[in-house]
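1. Based on what follows, work out the 3D shape:
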Amino acid sequence: MTVKNKTIDINIQAKPFLKWVGGKTQLLSETTARIPQNFSRYFEPFVGGGALFFYLQLEKSVLIDINEELTNTYQVVRDKVEELITDLKKHIHKKDYYYQIRNIDRSEEYKLWSDVQRASRLIYLNKTCFNGLYRVNSKGQFNTPMGSYKNPKIVDEINLRACSKVLQKAKIITGSFLEVEEKITLDDFVYFDPPYVALNATSNFTGYSQDGFDLSMQLNLRNLCDRLNAQGIRFMVSNSNAPLILDLYSSYKIEFVYATRAINSKGDKRGKIPEVIITNY
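-> Numbers count the residues shown, from 1 in each chain. The predicted model follows:
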């Protein structure tokens, strides 16, 4: 791929340091095949685990997410990775300890924790909770139960340092996806990977942020895409193949791809399901 945005030169291929619901690692061949050939800056407003970002390793990137705990962790990996690695080594994989760390955000003590401690907590919980599921209650408190792992890799020093190098020139912003509109220019490219519209009640998942991501937000995203399209700004969107999405984006190019999703609690309900990639170019 020839782009204005240069690829960072590091010794190993960085990969997401977090597991994330709807992560795009398994769809990298599909998304990278659809990336424009020439653009200036890369925007990703629902960065999540950042699979596409870490694969592309572009110098000029703007990463946005409404989850403050997540963006703090990205900033710590970028700016304080050695302190983070040291703190991660303090964690132990035991049930009582897991729930002690999980529930710390219910206390006043958590307000005094440093950015490194908070990032270390998020990575620890992500590696040891059920399915790596980031879920909070109406008060914004993490409430995913512990997962069944014998020996989870809580500290991946090599990959964390690689991710830190990739993130050095990235701009990390805590905020809504709507912030893209005031920052993006004609030569840039934006990839939207929002929480998906549910195909059925059992697959519904809106607990990623305290306020959730409902149907009105999906409409706001489509309207934003319409405004970007009117300006000639290129975008790519991932979502489920729900009838609502097919209708909302009917004026754009819609392509079906297949991914295995494990969010369903019933193992026999997991498997390859169609998703869509939407582009305006």
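
2. show me where this protein has strands.
-> Along the chain, counting by DSSP state E, strands occupy 42-44, 61-65, 171-174, 189-192, 234-240, 253-261, 271-279.

3. quick one: which of the ones you listed is nearest residue 52?
-> Closest approach to residue 52 among the strands of the chain (CB to CB): strand 189-192, 6.1 Å. Just so you know, the C-beta spots here come from the backbone N, C-alpha and C atoms, and that holds for glycine as well.

4. helices or strands up against that closest one?
-> The contact analysis (3 or more CB pairs under 8 Å, 6 or more residues apart in numbering; DSSP states H and E) places strand 189-192 against strand 42-44, helix 215-230, strand 234-240.

5. So which of the ones you listed is the most surrounded?
-> Among those, strand 42-44 has the highest mean neighbour count (mean count of other CB atoms under 10 Å), at a mean of 24.

6. Adjacent strands (with direction) for it?
-> Applying DSSP bridges, strand 42-44 is found paired with strand 61-65 (parallel), strand 189-192 (parallel).

7. so can I have CSV of the strands of the chain showing mean pLDDT?
-> Shown next, in CSV, are those (pLDDT from 0 to 100):
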stretch, mean pLDDT
strand 42-44, 98
strand 61-65, 98
strand 171-174, 98
strand 189-192, 98
strand 234-240, 97
strand 253-261, 89
strand 271-279, 91
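
8. can I get the ones you listed in CSV with distance to residue 127?
-> Compiled in CSV, the strands of the chain are given as follows (distance: least, CB to CB, whole Å):
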stretch, distance to residue 127
strand 42-44, 22
strand 61-65, 19
strand 171-174, 21
strand 189-192, 26
strand 234-240, 24
strand 253-261, 20
strand 271-279, 25
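
9. of all these, which lies closest to residue 112?
-> Distance to residue 112, taken as CB to CB, is lowest for strand 171-174 among the strands of the chain, at 19.8 Å.

10. Measure how far the closest one is from the centre of its chain, please.
-> Chain-centre distance of strand 171-174: 13 Å, with CA atoms, centre = their mean, to the nearest Å.

11. For that strand, buried residues please.
-> Within strand 171-174, the residues that count as buried by 16 or more other CB atoms under 10 Å are 172, 173, 174.

12. Please work out which residues outside it touch it.
-> 61-68, 71-72, 74-75, 78, 179 (CB atoms under 8 Å, 6 or more residues apart in numbering).

13. Adjacent strands (with direction) for it?
-> strand 61-65 (parallel).
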